[in-house]
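Chemist: Predicted model and sequence below, questions to follow.
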Amino acid sequence: MRILIATGIYPPDIGGPATYAKNLADEFLRRGCGVKVITYSIEKKLPLGIRHFVYFLKTIFNFRKTSVIIALDTFSVGLPSVLAAKIFRKKKYYSHRRRFLVGKLY
């Protein structure tokens, strides 16, 4: 199984969400899954709305050979990821306070 983890921050960024995303990726790798992590990079410097569109395009570009997408935020990465997953009919999950909710955002 190939998993795409969409997160706002990831090490070397510091913070709880970055650590959580790293631990999640490591656990999936330990269980034999293929993992790709996408995060905000230059998008952080773009205006609101445009940064989400650019992240949406980044998500679409990374969808090839991915069976599941996990979004670790409900808006900044969740919205673009869920829209892309819906278009490409990928299974999607999003995390809210470290509990995974299956399926749709609405």
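Modeler: Ah, there it is. Numbers count the residues shown, from 1 in each chain.

Chemist: can you give me phi and psi for the residue lying closest to F63 once chain neighbours are set aside?
Modeler: Nearest non-adjacent residue to F63, counting by Cβ to Cβ, 6 or more residues apart in numbering: F88, 5.4 Å away. For glycine as for every other residue, the C-beta is placed from the backbone atoms N, C-alpha and C. Torsion angles at F88 (phi, psi; degrees, to the nearest 10) stand at phi -100, psi 10.

Chemist: mind checking pLDDT for F88?
Modeler: Note on F88: pLDDT of 78.

Chemist: residue ranges with poor pLDDT in the protein?
Modeler: 91-106 (pLDDT under 70).

Chemist: How about the residue in it that sits furthest from its center?
Modeler: Distance from the centre of the chain peaks at P47, with 19.9 Å (Cα atoms, centre = their mean).

Chemist: Could you report the separation of it from D26?
Modeler: As judged by Cβ to Cβ, to the nearest Å, P47 and D26 stand 34 Å apart.

Chemist: try K58
Modeler: Distance from K58 to D26, counting by Cβ to Cβ: 22 Å.

Chemist: can you tell me which residues contact A21?
Modeler: Contact analysis of A21 by Cβ atoms under 8 Å, 6 or more residues apart in numbering lists 5, 7, 9-10, 37, 39, 72.

Chemist: So which of these are in strands?
Modeler: Here DSSP state E is the test, and the contacts of A21 give 5, 7, 37, 39 as lying in strands.

Chemist: looking at it, the second one is touching K36, isn't it?
Modeler: No. T7 is beyond contact range of K36, at 11.3 Å (criterion: Cβ atoms under 8 Å).

Chemist: Which of the two has more residues huddled nearby?
Modeler: Higher neighbour count among T7 and K36: T7, with 25 against 16, using other Cβ atoms under 10 Å.
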